[in-house]
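*Asks:* build me a model from this:
(chains A and B)
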Amino acid sequence: MSLFSRTPAVSTDEKAVDELLTRGVATVIPRELAVKKLRSGERLRVYWGIDPTGAQIHLGHTLSLRKLKAFCDLGHEVILVIGSFTAMIGDPTGRDAARAPLTKEQVEANFKDYKRQAQKILDFSKIEVRKNGEWLAPLNFSDIVKLASNFTVGQMLKRDMFQRRIEEDKPISLHEFLYPLMVGYDSAVLDVDCELGGSDQEFNMLAGRHLQQALGKRDKFVLTTKLIEGIDGRKMSKSFNNCIYLDDAPSDMYGKLMAVKDELVETYFECTTSVPLLEVKEILAGHPKEAKMCLAREIVTMYHSKELAEKAEQEWEKTFSKGEVPEEVLVVEKKPEGLMVSVVSAGVVKSNNEFRQLLANGAISSVASGEKITDSGYQAQGEEVIRIGKHRFIKIK
RNA sequence: GCGUCGGUGGUAGAGUGGUCAAUUACACUUGGCUGUAAACCAAGCGGCUUCGGCCUACGGAGGUUCGAAUCCUCCCCGGCGCACCA
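*Replies:* Residues are numbered from 1 along each chain as shown, chains lettered A, B, ... in the order given. Alright, predicted model coming up:
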């Protein structure tokens, strides 16, 4: 690296490039183009788009984020595009429910929150942030017609998601065809060398590649990251409650990671950590529980700290392995009507009925005496720690 | 526009006048087992309850009936077919 050089040096290290194009990667289209560009020493423009929907970042999202960081680290130019305009349509990713349009303020607030979370991975001072409303909003109808003329209905319908919806007799709104068009236009305007996304975005990104070629721009390559499963092995989804969020408290994060299915531990190591793959092999050769603890420690350290990871591990062993009371316990105000009212009004248990069922199941007990509580009118004795189920502890005060 | 089929609990999807707070599966909660789990077995899974029941729910609004998720009318939403297409 020259001291006088203004542009940062770009690394073309073979190993680094190889890892960039393989680890946690689903596909690279076309691969030869990617290798050629990355080995050329030129500083590439890399595009990454997000929807400012205010979602919490989970481990599945970190694949692209970490990949983006890797491009950054090699010295490439990374552009993050906020789909401020696209948010009005919503990506037709399966659900039939149309997404409610977001206001400018919501987009801003959501991005701020996104940035707060993503900062744990990406250094925002090193990347460029743009909003696609910049170039999409000024388009008029005839511009859009011209753009649309680059695609055929057949091409659009090829998208597997549309195929599925047709087979299931589910509606497809016309505007959903416009989404790949808009996303594609983003990359054409920015004239990028590479676009990154989850493999669910492959269609949209290829539409961008097609459009870029049609408009006489650069020949870009598309890199899709793997889709990792949730901790239970099913598709990561909020409704399955099987996601690990960057915002999760260390103890939650650790606990969730320990609940990851054994078969997924290797994938998690590969896709969500930087532990060298050779080392991963060694770790996996040991006891599955130890391997998982290692994974949990690694990830909690990444998003919190080494100290907090160790603490979370100790807490976890205490409450789960040994069944002891954790250090920090939720405090619930004592009500004269009894334990049931205290617990339900604090939202710990949803309803009186649910509380009664828990009683009937023998899930509620007093920690001090170890006795099960069976009376629905039970009142705590002074300041008492109560256990609900396996790992919910509350202190009645 | 016409015709036709459909809209049921967190989801899928039964039920087509009383035996329906609604079969079943998945999800979820809890108990058992275990390496935390998973798998497996068992119980629960609208709200309130003095545990007898009571109340609110099957797209929405009315109606028929002693009685409606179920029948009728209108409305809203969707699928499919047909028609229209300067």
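*Asks:* could you check how far A:Glu77 is from RNA strand B?
*Replies:* As judged by CB to the nearest atom of the strand, to the nearest Å, A:Glu77 and RNA strand B stand 42 Å apart. C-beta here means a position set from N, CA and C on the backbone, and glycine is covered the same way.
*Asks:* surely that residue touches A:Leu44?
*Replies:* Yes - applying CB atoms under 8 Å as the test, A:Glu77 and A:Leu44 come out as touching, 6.7 Å apart.
*Asks:* chain A against RNA strand B: which residues are in contact?
*Replies:* Within chain A, the positions adjacent to RNA strand B are A:166, A:169-172, A:232, A:239-242, A:255, A:258-259, A:261-262, A:288-289, A:292, A:320-321, A:344, A:350-354, A:356-358, A:360-363, A:376, A:388-392 by CB under 7 Å from any atom of the strand.
*Asks:* try it again with 6 Å
*Replies:* Counting by CB under 6 Å from any atom of the strand, the positions of chain A adjacent to RNA strand B are A:169, A:171, A:239-241, A:258-259, A:261-262, A:288-289, A:292, A:320-321, A:350-354, A:356-358, A:361-363, A:389-390, A:392.
*Asks:* tell me how far the lowest-mean-pLDDT helix or strand in chain A is from the chain's mean position?
*Replies:* In chain A, no helix or strand scores lower on mean pLDDT, DSSP states H and E than helix A:160-167, which sits at a mean of 77. Once both centres are worked out by CA atoms, centre = their mean, to the nearest Å, helix A:160-167 turns out to sit 25 Å from its chain's centre.
*Asks:* show me what the first helix or strand past it going along the chain is packed up against.
*Replies:* For helix A:160-167, the succeeding helix or strand toward the C-terminus, using DSSP states H and E, is helix A:178-190. Under the contact definition 3 or more CB pairs under 8 Å, 6 or more residues apart in numbering; DSSP states H and E, helix A:178-190 sits against strand A:45-50, strand A:77-82, helix A:133-136, helix A:141-148, helix A:202-214.
*Asks:* and these, which is most packed in?
*Replies:* Scoring those by mean neighbour count under mean count of other CB atoms under 10 Å gives strand A:45-50 as the most buried, with a mean of 23.
*Asks:* who's in contact with the residue lying closest to A:Thr319 once chain neighbours are set aside?
*Replies:* Once flanking residues are discounted, A:Thr319 sits nearest to A:Pro326: 4.9 Å by CB to CB, 6 or more residues apart in numbering. A:Pro326 makes contact with A:Ser251, A:Glu315, A:Lys318, A:Thr319, A:Phe393 under the criterion CB atoms under 8 Å, 6 or more residues apart in numbering.
*Asks:* nothing else from me, thank you.
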